[in-house]
Structures are given as structure tokens and as C-alpha cells.
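>>> sequence plus predicted model, see below.
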Amino acid sequence: MTGPAADDHHPPAGEQAAQDMLHLTQLVLAAQTLAAGVTPTLEKLVRDTAAQGSAYFQLESRDLSYRVRAATGEMPATPGMQAIAAHGLPAETPLLQALAASRQPLFFDDTRSRHETAGLPELGVASVAAAPVRASDGRLLGAFLMHTLDPHCWQPTEVALLTLVSGTVAALSGRLAAEEDARQAREAALRALGLMLEARDGETHGHTDRVTRLALRAGQALGWDPDRLEALRWGAYLHDIGKIAIPDAVLLKPGRLTEEEWVTMRSHVEAGERFARALAFLPPLALNVIQDHHEHWSGQGYPAGKQAEGISVEGRLFALCDVYDALTSERPYKRAWTHEAAVAELRAQAGQQFDPELVEVVIRAAEDRGDALLA
């Protein structure tokens with residue numbers, strides 16, 4: 001009987017991973033310098049993988065080299081590594097060229113066996129993993145690198161961690177490296193979190209961006225000001241972030257859920273609110289989207305059973321956009337509905353699931369193919 005009681009003190013692995021990434025995101029957002037922002041991530045890579053050392057390299061446009069801006073752990077005590085610490089890696093380094101051409105992190109178990117890692121064995125690096133940091137136009141701005149001093153086969157958990165870093169913290173580090181506005185960095189991090197969940201949830205590729213654009217078009221049609229549209233956009237990115245705490249056995253179950261499983265699934269709203277509140281910069285209107293997008297105009301939704309105008313207008317609007325995109329997208333369990341069929345369903349649910357006035361606003365926004373900006 002002691003096992004379950006002990007487990008009560010520890011969050012599920014998925015929730016812990018989300019909390020860790022939120023914490024690292026907060027540290028980067030609060031950092032005054034690049035080194036302060038990325039060092040906690042480097043420390044996590046060394047702490048939670050077999051890597052003996054980790055470093056962040058940033059492009060210096062003056063001489064097209066990548067300079068070490070932060071490092072932790074054990075570095076090879078070779079003359080070549082000392083030279084890199086002082087002068088950086090040339091842009092023509094094979095690993096950096098491979099990274100510039102890759103959209104994903106790269107993993108090399110034995111640097112002696114791959115042309116992409118030429119030169120690293122002489123530095124004392126036996127295995128290496130690298131994640132790109134890119135500018136908004138796709139240019140390689142920098143890289144997170146972690147290494148071992150003996151050949152090492154990178155394990156799935158290590159691959160997952162660096163991939164997660166490359167999708168969240170790396171986006172923020174790119175902002176710091178380019179001295180971008182803090183608001184843009186938050187934008188990149190929130191969208192990355194949304195895309196990360198989209199990939200895990202098996203959503204149709206592009207759902208996060210599509211539903212966000214639709215919500216923005218609808219908000220613009222309502223005359224909302226830029227701050228309110230930004231809050232709507234951020235809430236849209238994170239609307240289902242709480243699903244990261246839902247076990248795979250429930251989230252990815254191919255068949256019908258049991259009533260107990262539905263209780264678990266519905267708990268993602270409260271979990272999402274907890275995660276979002278941990279990002280203290282999120283405005284209340286963004287939290288409204290997360291809290292209320294499963295509430296129904298009739299009061300039959302969840303988690304609070306809010307009714308009619310007791311539901312935030314941000315939640316009411318986004319709920320319509322989310323359902324429209326779900327209906328018109330192909331999923332493993334269904335074909336995509338036509339626009340006409342989806343419109344008929346939204347109108348049929350006006351006054352029941354949806355705010356009847358907002359139904360027509362969203363329908364017009366769906367028929368407007370103009371592309372609302374995500375940033």
C-alpha cells in the first residue's frame with residue numbers, strides 16, 4: 001500500500017516534462033543575457049542525458065564563425081577544443097553545415113564513422129548531438145551541442161529531450177541571439193508548445209496554425225484591438241496544452257473511451273490552466289480561451305458547466321473555430337467534412353453548443369481566405 005501513496009507526491013512523467021519545459025521557458029524569458037537564458041537548459045541536458053558536456057554556439061556575423069556563448073560540464077582538454085573555446089567553430093564545419101540543412105536535431109553515436117562529424121574525433125569528442133537555433137527566416141543562428149568523450153548510442157529519451165529543447169527553448173534562444181523583442185520570443189515559445197502537443201496528440205498537421213488564423217480573422221471582424229487579438233492568439237496556441245498530462249493510453253486510444261477515461265480526458269482543461277498560469281506573462285483573456293473552449297452555450301459543457309454569456313467571449317469564439325477546423329480536417333477516424341457540411345453543423349448547434357451570434361461571425365471568417373498574421 002506504500003507505492004500508490006508515494007506516487008501521490010510525484011506528477012506523471014508527461015506532466016513533469018511539461019513543467020520542466022515551462023520552467024526553462026520562464027528562465028529564458030526572464031533572462032537579461034543570452035548566457036543566463038540558455039545555461040539552465042545546458043545543465044538539464046547534462047543532468048538528464050549521458051552527455052558529459054554541453055554548449056551553446058551563436059553565429060558571429062563579423063567572421064562567420066559560431067562562438068561559444070555558454071557551456072557546462074566536461075570539455076575535452078585538447079588544443080583544438082581550447083582553440084574553439086577562444087575563436088569558435090568556422091561556419092564551414094561539416095557538423096554546422098549539416099545542421100543548417102536539417103530541420104531536426106542531429107545525433108551521431110560515433111564521430112569517427114560519419115563525414116558530418118569530421119574533425120570532432122581530433123577534438124576529443126566521441127559522440128555528439130546538435131539542435132539548430134534559427135532566425136525567423138530560417139537562417140541558422142546558433143546551435144545547442146552536447147557530447148560524450150566515449151562513443152555513446154543516444155537513447156530515445158535523450159533524443160526526445162533535445163528535440164523538445166529545439167522546439168521550445170531553442171526558439172527563445174534564437175530571439176536572444178538576435179536581440180529580438182521579448183514579446184516575439186514569447187510568441188515563438190507558445191506556438192512551439194502548441195505544435196509540440198499537436199504532434200503528440202496525432203492532430204492533423206497544421207491544426208494549431210489553422211485554428212489560430214481562423215480565430216484571428218473572426219476577432220478582427222469583431223473589431224478587437226491588437227492586445228486582445230494577441231491574447232486570443234496566445235490562448236489558441238495553448239488551448240489544449242493540458243493534454244500533455246493525459247496518459248497515452250487515453251489520449252491515443254483508437255476506440256471509444258470509457259466513462260472513467262472521459263473523466264481523465266476532460267481533466268486536460270484544468271491541467272492546461274495550471275500550466276498556463278505558470279507562464280505569469282499570459283494575459284487573463286488568453287486564459288479564458290484555455291478555460292472555456294469546451295463550455296457550451298446551453299450549460300452542458302465542461303469543466304464548469306458555464307452557460308451563455310457566463311462563458312467568456314474568447315472561449316465562445318475559439319470553441320467555434322476549433323470545432324470548424326476539426327470537422328473540416330481529415331483524422332484517422334474520419335474523413336474531412338466539406339465547408340458546407342461544417343457550416344450546417346455549426347448552425348444546427350447555434351443556441352445549443354455555440355453562441356448563436358458568433359456562429360455567423362466564424363462562418364464568414366472561414367469563408368474569408370485572407371491570412372491573419374500569427375505574429
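Structure's in. What do you need?

>>> I'd assumed residue 297 was in contact with residue 351.
Yes - with contact defined as C-beta atoms under 8 Å, residue 351 reaches residue 297; the gap is 6.3 Å. In short, each C-beta sits where N, CA and C put it, glycine included.

>>> the more surrounded of these two?
Comparing residue 351 with residue 297 by other C-beta atoms under 10 Å, the one with more neighbours is residue 297, at 24 against 14.

>>> ok, residue 325 touching residue 207?
Yes - using C-beta under 8 Å, residue 325 is in contact with residue 207, at 6.0 Å.

>>> which stretches of the stretch 201-350 of the chain form strands?
Secondary structure of the stretch 201-350 of the chain (DSSP state E, counting those that start in this stretch): no strands located.

>>> all helices in it, in order from the N-terminus.
207-221, 226-237, 248-251, 259-266, 268-278, 284-292, 313-328, 339-348 (DSSP state H, counting those that start in this stretch).

>>> so which of those helices comes closest to residue 64?
Nearest to residue 64, of all the helices of the stretch 201-350 of the chain, is helix 207-221, at 32.7 Å by C-beta to C-beta.

>>> can you check what angle separates the closest one from helix 313-328?
130 degrees (axes from the mean of the first three to the mean of the last three C-alpha atoms, to 10 degrees).

>>> averaged pLDDT, helix 207-221. What do you get?
Helix 207-221 carries an average pLDDT of 94.

>>> contacts for that helix next, please.
191, 194-195, 198, 228-229, 232-233, 236-237, 239, 317-318, 320-322, 324-326, 329, 358, 361-362, 364-366, 368, 370-374 (C-beta atoms under 8 Å, 6 or more residues apart in numbering).

>>> now with 7 Å, please.
Residues outside helix 207-221 that contact it (C-beta atoms under 7 Å, 6 or more residues apart in numbering): 194-195, 198, 228-229, 232-233, 236-237, 317-318, 321-322, 324-325, 329, 361-362, 364-366, 368, 370-372, 374.

>>> may I see the buried residues of that helix?
Buried residues in helix 207-221, counting neighbours by 16 or more other C-beta atoms under 10 Å, are found at 207-220.

>>> between these, which is closest to residue 134?
Proximity to residue 134 was ranked across those by C-beta to C-beta; first place goes to residue 209, at 17.0 Å.

>>> can you pull the buried residues of stretch 298-306?
For stretch 298-306, a neighbour-count test (16+ other C-beta under 10 Å) marks 301, 302, 306 as buried.

>>> might one say that residue 28 is in contact with residue 165?
No - using C-beta atoms under 7 Å, residue 28 and residue 165 do not qualify as a contacting pair, with a distance of 10.7 Å.

>>> that older thread, just the buried ones among the contacts of helix 207-221, please.
By 16+ other C-beta under 10 Å, the contacts of helix 207-221 give 194-195, 198, 228-229, 232-233, 236-237, 317-318, 321-322, 324-325, 329, 361-362, 365-366, 372 as buried.
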